[in-house]
Every structure is written in structure tokens, then in C-alpha cells.
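In: For reference, the sequence and a predicted model appear below.
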There are 2 protein chains.
Amino acid sequence: MIVNGATTSGELRAHNRVRLLRAVHDCGATRTRSQLTRELKLARGTASVLVAGLAEDALLHEEPAPGPARGRPTQVPGPHPRGPVALAADIREDAWELAACELGGRVTVLGVRPHDGTPQDALGPLGEAVAGHARRLGPRLIGVGVALAGPIRHGGLVDIGHLGWRSVDVPALLGLADAEPPLAVGNDTALAALAEARRGRLRGVRVGVHLHVDFDLGGVLVLDGRAVPGASGTGAEFGHMPLGGSTRRCPCGAAGCWAMDVGANALLRHVGLAYGGGRGRAQAERVLATSEEAVTANATALGRGIAALVNAHDPEVVILSGHGVELRERAAGALMAACGPGLMAIRRDHPPRIEASALGWRGSLLGAMESVFDAFLTTEGLELWRKNHPDQARDTPDRQSVMHSTLAGESAP
Amino acid sequence: MIVNGATTSGELRAHNRVRLLRAVHDCGATRTRSQLTRELKLARGTASVLVAGLAEDALLHEEPAPGPARGRPTQVPGPHPRGPVALAADIREDAWELAACELGGRVTVLGVRPHDGTPQDALGPLGEAVAGHARRLGPRLIGVGVALAGPIRHGGLVDIGHLGWRSVDVPALLGLADAEPPLAVGNDTALAALAEARRGRLRGVRVGVHLHVDFDLGGVLVLDGRAVPGASGTGAEFGHMPLGGSTRRCPCGAAGCWAMDVGANALLRHVGLAYGGGRGRAQAERVLATSEEAVTANATALGRGIAALVNAHDPEVVILSGHGVELRERAAGALMAACGPGLMAIRRDHPPRIEASALGWRGSLLGAMESVFDAFLTTEGLELWRKNHPDQARDTPDRQSVMHSTLAGESAP
DNA sequence: GGCTTTTGTTCACGGCAAGAGCATAAGCTG
DNA sequence: CAGCTTATGCTCTTGCCGTGAACAAAAGCC
């Protein structure tokens, strides 16, 4: 994790507050205070002051550590009952899912809804749901993250070729175009990669490649825990390089894109079914389960492209998510047979591992959460929180007379 | 520039020393002390103490600012006459060049020598030259950087397919395998990109692509001023993805590599000349100057690949160095005609600029310098320098009775 | 019940940057 | 050329922060 350095003694404190909260968040609120103190190389006294301050700001709340231990019992810092909450949604081609998350990463699903693929039907009801939860959460809401299956231009204009979305203004259609609460729209592949880097198989990996196979194929480079975003936010498009051997025109406007050969659309096309509307998830899964030939063709194209990416970027590991997991399981032979000959000779001694995602289809949603916390767990983010929470009740949290809102509220499914 | 953050008050000082030296180095020792103070947001008092400390450690030396100015005259901090020096070499397929560089980036060429392409003839004499200068410089030498035209595995094993180098142990053949002075072997493309990011067209660019065309074609992603290195140091190989349309087998072991279609080897092959030994620089330049057809074919393949990389990574700018500069000048039409149709539709509104390198053929050498200073301009690097320079003469540098070694010494060409 | 072990708390200390006040050295003005 | 203006360097006080040692607390162990 890269954090901007402090340069004055005042920024030191702010910087260490961020480090401590980040450590709590990244470990899922499982580490004890004494562990964190050692890990961050703080003096015990410093840790005392920091934790006390963060508890006073309703950012942390300590609970006794479970289990027997030798010396004086230590505490486990975790989310405060009135602490920060992120909302996040994963908008897929045929449905969306909305969830909330508190510090430490505990997720509560708030709703799931199918839609017809039009921007209006996909985004309108979601915007209303988000607004409702935002009212309920009040200042506890630190931001809203949204994952989408297409390139996202500066500010939230989205294109999804195979759905016919052209420059769809996502913040406007959600009704969240104003700054409060802060809205972060991101590409599903990049966000899945982010989640994998924080809580999955890319944890601690310096250089990794993440490939997300849904209807389309997305791919992105992950460096030191962050997905490389591109200059205007529309990176994560490894699928639109000509790596698969196809020469077919792609709805993106180019030709020969790798994404034409891998994914649900490619599976459907391979068996002569209609495709391209994001409406065939069930059929695609049937093809995946029954058509050896279609699966082999997909896996071969996948392997060929992986070899090219490994040559170019020299990753430690390549992670597959979405249908990529099944392709790897069902046709490992074809995948490796296509990958091997495409590698440079020097890569063959220690080829990178090709692994399945640890988070499965949940990756994009979790990544949208993490992107909200990434913006919050900064000196600026915490300063803003303090400003919005003037003179906290200075509670000892056993004083539970103040009713606090639960994450799920009344609208949980 | 990303610098690790300070977490204790002691590290604060070290961190600010690094920031100040880095600022002096990056601007080429042209900024005045008052400018630096403002830029780094330091108090004037703090700057005083920092500069005094660095001058005492023989890291900085102030000279009066030239030109008329309104108030009290300010000073320009620059390299100290007994300050740190980096050595760097660029080993090309047919010759090498050795140079020295002090803080601020002033370069002194120390030697140029052709070689026959064998590891022994290329590396032996270079090692001797480096050792001689190392003796002369003594503790002023902070490191040696070497740029090479091939992938460099952990520790310095180098493969250059078209020269027949297989797992060549560069540090051993240079006779510099021991830790003193620290030796950094790097890929020429990655280092050229680094130089471009620090002193060329990629300055201040968040996401850029650098392509270096020599005999072979190298390419690398540049993020926030650093070239993405790969897990084992062998990234920077965009040339070994199948982006150019070829299906020919590549000496690297794969097939269809982009590097088969672009570069001096490709030019020579196109007109039916021998190629592959790195021995035809003059002929290649003649082909480049005379054969419209060969140039067009190269430029077309280059443009096609650039489009793919732009789709995948969404860079602000694509920089061409080496022969890429001439290809862009001589066949801009073919290049753009091949690039355009390969772009995703959403990239066509604001396609990235395609520009020529600002540093030309010097990029790799300069990048090797920068890589040495990157290791030096850290809290650890400066701490080590202080240890090796115990109790400096506390000089006011007008006391020039102590003869100090010049950069060029007696062996300058 | 007393001893050991580990952790939380408190406090004096030293290091650091900030910022105000003063000193300095130029340009500018008449 | 003398006095004024302007910008910068230097010094010293102030306040903040992390450190580490001493002490208190709370559990396990014998």
C-alpha cells in the first residue's frame, strides 16, 4: 500500500491514523491491538493515543480479544457502531446487486434486482434504492461505488458495446450527479482486480494480471495492490488487443479483439445462438456445461492471449474470475497447450501461476467497496469525516441508549 | 514521485532531506533555494537547516543565483564538488558507451568502444574501464547502472535472442559481481522510458507507453514516473505480443511477435539482407533512408500495435525512441492509417499523442543514471552515504586546497 | 495466594517543523 | 548617492509528535 508521506509533525499524526485504520480494514478487523502495534512499529504509548483518538471520532471501537492468552488481555479494534459505511453496487448485463460495507470489510447485501438492459431500467431503480439508504445512513455514508461492465470515461460516461450503451451518463441516471455522497464509478474488471489484490489471490503480489470473463472479456494489470486505471479511467481493456487469433469485427469498433473469442458471447456464437444482448446467461451456462467444443475454443483463445500478456508484463500470477474459473477447470489442457508455445523461452522455466479468483462473482462488488474505502482512508478523507462529526458524543460505547442505524435497516431482502 | 512516508519524527528529517535532494536533481540544479522552499512547502527556517546539513555532508553546494533580482539574492543548490557520482553504461548490439553523472544530471562521457557482439568482448573491457573509474572516484561513486537490449532476469542474467546471448551473467563478466559498488543492470527500453519520464516527454505523465525501436522492438508502460518492471525484472517486452500481424517464428521462442515486424532486423529482412546478428546498423540506416516500401511496412506494423496498446492501457501519450523517431517522421501517414482503425471507437475522440522521444538514442544511458540515483535518493541511500563520509571536512567550499577528482579524470576521450 | 507474563497508561524527553522577528543584500527612486 | 522597498536567509521560541521507561492492570501458571 502506498501512502503519501508526511512532511510536518502535524501530518505525522494524520498519517499514522490512516496507517492504523488501513491495517484494521485490510486484516478484516481480526488483529489485536498489540499485534497492530508491532506490525506498524509503533510504541505502545503512541498506539494508545491513536486508538483513543480514533474511538473518540467514532472510527474505531475496541472489543475484548477472544481466547485465552498469557499476559494482560488485549483488545481487537473493529468498526464503530456509528462508524463509516460504504455503499456499493455491481451492475451486470441483466441485474444489479446493492450492498453496504463497514470498516473491516463486513458486507451486508441490501438488494438484488434484474433489469432489461436499458440504461433507464438498470440505473433508475438503483438510484432510488441508493438514495433511500443514504437518507437512512446520514453522515455515516462515506461514498458510493458502482461497478459496470464497460469502459468508463472521465466523470462517468459509460459505453457497453454489446448492450448498446453509448456515452450513458451513469451519475445523472442514478440521480447522484451532485458531490454528496461521493460517487465512484469503475470498470468491473478493474474493481474485481482491486478486490483480489486486497482480499483475494493478488494479496501481496507486486505484479499480477487479472482477467474477468463475463459476456465480454476484461483484463488489467495489478501493481502493488492497485489496478492500473489508464489516463482517462478506461484502462482494464486487455480484451481489446488482438491476442486470440480472431479477425472478426468487434462492437467496440476495432477488429480481431481477444474479447471476441472468450466469454459468454463467444460461447453462444460458437453454437450458433443469438448473442450480444447480455440476455443469455442461462444459455451460456448450458453451453459451458455441455459443449466441449465451444469450451475448448474459448480456453484455447484464452491461453494464447495469456501467453502474450505474460511475455509483455512478466507477472507473478494470472488470476481468472467469472467464467474464467470454469474454463480453467473444464479445459485446463487446452488452455495450457495454447499458452505454452506462446511464451518466450525465458518465461518457460518459471511460468506464472494461473489461478482461479478467490472471490468469484463477488469480486466487482467487493472492489467497488474497496474503492470507496481507498478514497476514505486518506488524510483528506479522515479530515472530512472529522469535520462532519463535530464533537462526537465522547461515548464509551456501552452507553447504547442512542439508537444507531443498522446496516441493513428495514429494507434487507 | 512516490516516496515512502515517514512515521516517526526522526524519519521526518530524513524524508525531507530526500525530498529536497530529489527536487534539486529532477530540475537539473536550476531552481533557487527560495523556489525550492516554496515548491516543497517548507518554512524558510526549515530549508536553512536542511541545506546546511546537506552541504555539510558534501551532498549539496550552493552558488549565487545568476541574473538580477529584486530582494536579497538567493542561492542555487547544486552538486557538491566532492558529491555523489553515478557511472552508467549503455551496451548496444555493436558498441558500448560509458559516462558519469553527478547530482542534477550533468553527464560526462568517459568512453565509447565498439565490440564484436560476444559477451566477452562486450563486457570485459567495459568492466575494466568501470573498475578504473571506480578506483579514481573512491567513495564518491554511488553505483553503476548498465542498460542492455534484452530481458534481464533476477540478478543480471541476460538473454538477447538475435545476438545469441543465453543466460549471460553480466555482473560476473563485468567483474563487478560483489556488492561494492552497487551494480544495477536494466533493460534498455525500460531505462529509456525512465529517462523520458524524468527528463523527457513523459515528465508529469501519469500513464504513458514508451516504445524503443533498435534492432529489436521494446515497449513498456510508464506509470507516475516509473517504468513497470515485471515481477522478475523482465517486463518491458511489449514487442513479444502478437500485435503486428506476423506469424513468423521469433528467436525469443514464441511466434508472431510484434518485434518481428518493426526494427532494424525487420528492415533488413524486408529487403532480403542478412540480419539477426546486430551487425547491420549502417545497412539498416540505408534501408531506412532509401526503401519506401520497407519503411511503410514497418510503420504499418508499428501503428497497428500502438492501437492495441492504446486500447488496453489508455495512455495519455505514446513515445517513440530509436528508429521509431525516423519511422514516425518518414511514414506518419502509414503509421496513423494503421493505428486509427485498430482503436476502439471511444478512443477516437481523444486519441493519445504519438510523439518522438526528447532524448533520442541517449535515453537508455540517461535512464541507467537515473536508476542509480533512484536507489541513492532514498532514506537508506543517504544514510549509507553519511556512514561512508564520517565527519566531513565541514568545508566552506572556497577552501579548494583539497584537490578533488574531476568526473572525466585523465581517461576522457 | 503469589509469581510470571503481557499489555495498557502515563509522563518526561528529545527531535522536528512552523512561524515570527530580525538581519541582510540586493534593486529602485529621486 | 542615500534612503526606501522587497525578497530572502538566519535565529529563536513554540507547539506537536513519537519514544521509551516506569508503573499499573489483568490474565495464566505453579
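Out: Alright, I've got the coordinates.
In: in the longest helix along chain A, what's buried?
Out: Longest helix of chain A, by residue count under DSSP state H: helix A:292-313. By neighbour count on 16 or more other CB atoms under 10 Å in any protein chain shown, the buried set for helix A:292-313 is A:294-313. C-beta: built from backbone N, CA, C; applies to glycine.
In: Hey, what's the angle from the helix or strand following it to helix A:292-313? Just curious.
Out: Using DSSP states H and E, the helix or strand that follows helix A:292-313 in sequence is strand A:317-322. Put simply, strand A:317-322 runs at 140 degrees to helix A:292-313, going by axes from the mean of the first three to the mean of the last three CA atoms, to 10 degrees.
In: What strands flank strand A:317-322, and is each parallel or antiparallel?
Out: strand A:207-213 (parallel), strand A:353-356 (parallel) (DSSP bridges).
In: What ranges does the stretch 201-350 of chain A have for its strands?
Out: A:207-213, A:217-223, A:226-227, A:317-322 (DSSP state E, counting those that start in this stretch).
In: Comparing those strands, which yields the minimum mean pLDDT?
Out: Here the lowest mean pLDDT among those goes to strand A:226-227, at a mean of 92.
In: quick check, that strand touching chain B?
Out: No - using CB under 8 Å from any CB of the partner chain, strand A:226-227 stays clear of chain B, with a minimum separation of 9.7 Å.
In: cool, and stretch A:242-252?
Out: Yes - Stretch A:242-252 reaches chain B (CB under 8 Å from any CB) through A:P242, A:L243, A:C252.
In: Could I get the contacting residues of the nearest residue to the first one once chain neighbours are set aside?
Out: If you skip the residues right next to it in sequence, A:P242 has A:G256 as its closest partner in space, 3.7 Å away by CB to CB, 6 or more residues apart in numbering or on different chains. A:G256 sits next to A:P242, A:G244, A:S246, A:T247, A:R248, A:C250 when contact means CB atoms under 8 Å, 6 or more residues apart in numbering or on different chains.
In: same deal with A:A23?
Out: A:R31, A:L36, A:E39, A:L40.
In: hmm, 10 Å instead?
Out: A:M1, A:R31, A:Q35, A:L36, A:E39, A:L40, A:P77, A:L377 (CB atoms under 10 Å, 6 or more residues apart in numbering or on different chains).
In: Which residues belonging to stretch A:280-293 are considered buried?
Out: Result for stretch A:280-293 [16+ other CB under 10 Å]: buried residues A:G280, A:R281, A:Q283, A:A284, A:V287, A:L288.
In: What ranges does the stretch 301-413 of chain A have for its helices?
Out: Taking DSSP state H, counting those that start in this stretch as the test, the helices found in the stretch 301-413 of chain A are A:323-330, A:332-339, A:363-376, A:379-388.
In: Between strand A:317-322 and the longest one, find me the angle.
Out: Meaning helix A:363-376. Using the same axes, to 10 degrees: helix A:363-376 against strand A:317-322 is 120 degrees.
In: Output helix A:363-376 as PDB, restricted to C-alpha atoms.
Out: Presented in PDB, the C-alpha positions along helix A:363-376 are these (Å, rounded to 0.1, in the frame of the first residue of the first chain):
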ATOM      1  CA  GLY A 363     -15.200  -9.500  -6.900                       C
ATOM      2  CA  SER A 364     -16.600  -6.500  -8.700                       C
ATOM      3  CA  LEU A 365     -18.900  -5.700  -5.800                       C
ATOM      4  CA  LEU A 366     -16.200  -6.000  -3.200                       C
ATOM      5  CA  GLY A 367     -13.800  -4.000  -5.300                       C
ATOM      6  CA  ALA A 368     -16.400  -1.200  -5.500                       C
ATOM      7  CA  MET A 369     -16.400  -1.200  -1.700                       C
ATOM      8  CA  GLU A 370     -12.700  -1.100  -1.600                       C
ATOM      9  CA  SER A 371     -12.500   1.800  -4.000                       C
ATOM     10  CA  VAL A 372     -14.700   3.800  -1.600                       C
ATOM     11  CA  PHE A 373     -12.600   3.000   1.400                       C
ATOM     12  CA  ASP A 374      -9.400   3.800  -0.700                       C
ATOM     13  CA  ALA A 375     -10.700   7.300  -1.000                       C
ATOM     14  CA  PHE A 376     -11.800   7.500   2.600                       C
END
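In: Tell me if that helix is near chain B.
Out: No - interface with chain B: helix A:363-376 contributes nothing (CB under 10 Å from any CB of the partner chain), its closest point being 15.5 Å away.
In: Show me which parts of that helix are buried, residue by residue.
Out: Quick answer for helix A:363-376 (16+ other CB under 10 Å): A:363-376.
In: how close does the residue nearest in space to the middle of chain A sit to A:V209?
Out: When CA atoms, centre = their mean is applied to chain A, the residue found nearest the centroid is A:G367 (1.1 Å). Using CB to CB, to the nearest Å, A:G367 is found at 16 Å from A:V209.
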